[in-house]
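Visitor: Starting from these lines, generate the structure:
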Amino acid sequence: MEARRFLSLPIEERQALALENSAAFRGYTTLGDERTRGHTDWRDQLDFGPEQEAPPPGHGGPAWCRLRGPNQWPASIPELSTIALSWLDDMLELGVKVLRALALSLGQPMDHFDSAFIPNHDLHAKIIRYPAGNRDSDQGVGLHHDSGLLTFILQGSVPGLEVQIGDELIRVEPLPGAYVMNLGAMMQTATNGYFLATPHRVVSPDGDEDRISVVLFFNPAFESTFEPLDLPPELARHERPQPVDLKGEPIHTRFGENNLKVRLRSHPDVAARHYRDVLTTQEK
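Guide: Predicted structure coming up:
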């Protein structure tokens with residue numbers, strides 16, 4: 001599997017693709033360099049998305065435009081980029097089909113969400129390893145929900161994913177060939193809380209084998225906005241407006257703003273290098 005080949009490369013080769021190099025948050029994150037809710041996550045990963053051009057310096061647009069840019073790929077595994085980008089294309093087709101089914105279930109036209117992905121989208125993916133033997137903490141990644149509409153998780157054979165249902169965390173056992181699908185903050189906003197974003201976390205493996213997963217954040221174009229839908233009365237009576245995330249911070253209706261907010265707090269090294277102007281504004 002190409003994911004395992006990448007994660008087996010010498011650490012120097014992986015770190016040459018450091019996420020800190022990319023304002024688009026594309027590249028390799030070393031163990032302990034990401035945070036969730038202020039605590040260190042124990043995982044390393046390669047982030048990638050569709051190949052895009054970065055905006056020119058001083059472009060004058062909103063800061064979230066910088067979330068677009070080229071990927072960083074290992075030269076020693078040239079086939080990884082081909083496989084990964086082809087998979088993104090296949091998943092785009094799957095995700096749109098799922099969204100069309102959800103739109104119909106919400107009493108909307110089947111193509112309601114299409115314009116957020118066709119012709120342009122901002123899908124984002126990760127190849128992730130959660131190392132076994134983490135004795136300092138069981139936090140592979142802390143409890144959170146994602147910022148987009150949907151998330152698809154392809155688990156390996158090692159468990160660890162837990163989703164929160166009510167007040168209980170339920171372990172999701174790996175099922176070969178199956179994706180786990182979570183809902184994100186934009187779906188919660190779009191449905192005024194009829195659908196809630198899925199809180200979830202990953203617990204570090206308690207055995208001797210690392211957990212490997214591949215995750216697709218089925219993200220719409222950053223320009224997309226998601227105001228509450230006009231739901232049919234039989235659905236509207238079950239709305240649960242929740243305009244804040246698990247940290248109590250506002251969920252922005254424009255996806256680019258919401259996504260950038262989450263990324264800046266998860267990767268302070270990238271924020272300090274590429275978004276100092278945004279941080280300065282927030283401090284005022």
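
Visitor: Any idea how many residues pack against residue 277?
Guide: Neighbour count for residue 277, taken as other CB atoms under 10 Å: 9. (Each C-beta comes from the backbone N, C-alpha and C, glycine too.)

Visitor: Run through the residues that contact it.
Guide: Residue 277 makes contacts with residue 63, as judged by CB atoms under 8 Å, 6 or more residues apart in numbering.

Visitor: What residue in this structure is the furthest from its centre?
Guide: Going by CA atoms, centre = their mean, the residue of the chain most distant from its centre is residue 233, 32.1 Å out.

Visitor: for that one, phi and psi?
Guide: phi -50, psi -40 (degrees, to the nearest 10).

Visitor: swap in the one 3 residues further on?
Guide: Dihedral angles phi and psi of residue 236 (degrees, to the nearest 10) take the values phi -60, psi -30.

Visitor: and what of residue 170?
Guide: According to degrees, to the nearest 10, residue 170 has phi -110, psi 130.

Visitor: does the residue positioned nearest the centre of the chain sit in a helix or strand, and which one?
Guide: By CA atoms, centre = their mean, the chain has its centre lying nearest to residue 217, at 4.2 Å. Assessed by DSSP states H and E, residue 217 sits inside strand 211-218.

Visitor: Return the alpha-carbon coordinates of that strand using PDB.
Guide: C-alpha atoms of strand 211-218 as PDB (Å, rounded to 0.1, in the frame of the first residue of the first chain):
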ATOM      1  CA  ARG A 211      -3.200   2.400  13.100                       C
ATOM      2  CA  ILE A 212      -3.200   3.600   9.500                       C
ATOM      3  CA  SER A 213      -6.200   5.400   8.000                       C
ATOM      4  CA  VAL A 214      -7.000   7.500   5.000                       C
ATOM      5  CA  VAL A 215      -9.400  10.400   5.500                       C
ATOM      6  CA  LEU A 216     -11.200  12.500   2.900                       C
ATOM      7  CA  PHE A 217     -12.700  15.800   4.000                       C
ATOM      8  CA  PHE A 218     -15.500  16.300   1.500                       C
END
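
Visitor: what's across from the residue nearest to the centre of the chain in the sheet?
Guide: In this entry, residue 217 is beta-bridged to residue 124, residue 151, by DSSP bridges.
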